[in-house]
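>>> take this sequence and fold it.
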Amino acid sequence: MEEQQKKKILVSSAVAVVLAVVIAVLVWLMFFKKIQLSNVLKTNTEKITLTQGEITNPQQDSVLNKVKKNTDSQVKLADITITLTDESKKLKVAAKDSSKFQGHVEYNLVQASQAAPAKVELNTVLKPASEKITLTQEEITTPQQDSVLNKVKKNADSQVKLADVTLTVADNKLKVTANGSSQFKGFVEYNLS
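A predicted model of the protein is given here:
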């Protein structure tokens, strides 16, 4: 009988040791094993396009969202460091030591085309050309001034500024022409009264 009790105790002890080892391994896997960043981010063959603001400051959620495999991915901005490398031709996403992730992924950047914003037709922000405009003698002599522009603006709070246009008077007409460098295009010509 004593022999059987010793075997039971021995088996119980062995089971307890195995169970303790299994629990320890599970705890280690759950809390200490780090996840490879490459498992939660897109592959490094993906080309990434950044805005000018993202190039200036790549450590932001909009950049992270561009490289995540899924939008519901566990990786957060606090877990990683995002930098530009190779003279801003590459984007490097590296795990912080304090995070549950490890490793890094580097992407080639695609140059975003800097398309110029569409220019606004002057006739949409100025009064109709059919309106007659009254100018003082001084305004006729020197038309490039705010007082003249204010007389032809559709609204006082219109975005068009004196620097955006050239004002000229000839043949009893006031011509408002957009400067090539402004956000406006075209011209409007008014008869003077």
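>>> next SSE downstream of the helix or strand of the chain with the lowest mean pLDDT?
Within the chain, confidence by mean pLDDT, DSSP states H and E is lowest for helix 2-31 among all helices and strands, at a mean of 76. Next along the chain after helix 2-31, taking DSSP states H and E as the criterion, comes strand 35-36.
>>> so what strands line up beside that following strand?
strand 101-102 (parallel) (DSSP bridges).
>>> average pLDDT for the strand it pairs with?
Averaged across strand 101-102, the pLDDT comes to 88.
>>> list the contacts of it.
For strand 101-102, the surrounding residues in contact (CB atoms under 8 Å, 6 or more residues apart in numbering) are 34-37, 40, 75, 79-80, 95. Placement of C-beta: from N, CA and C, glycine included.
>>> stretch 168-177: which residues count as buried?
Residues of stretch 168-177 classed as buried by neighbour count (16 or more other CB atoms under 10 Å): 169, 174-177.
>>> could I get it in CSV with only the CA atoms?
Output of stretch 168-177 as CSV, limited to C-alpha atoms (Å, rounded to 0.1, in the frame of the first residue of the first chain):
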residue,chain,number,x,y,z
THR,A,168,-6.1,99.4,-65.3
VAL,A,169,-8.2,102.2,-66.8
ALA,A,170,-8.3,102.8,-70.5
ASP,A,171,-10.9,104.0,-73.0
ASN,A,172,-13.4,104.8,-70.2
LYS,A,173,-13.2,101.2,-69.0
LEU,A,174,-11.9,99.6,-65.8
LYS,A,175,-10.2,96.2,-66.4
VAL,A,176,-9.5,93.8,-63.5
THR,A,177,-7.0,91.1,-64.6
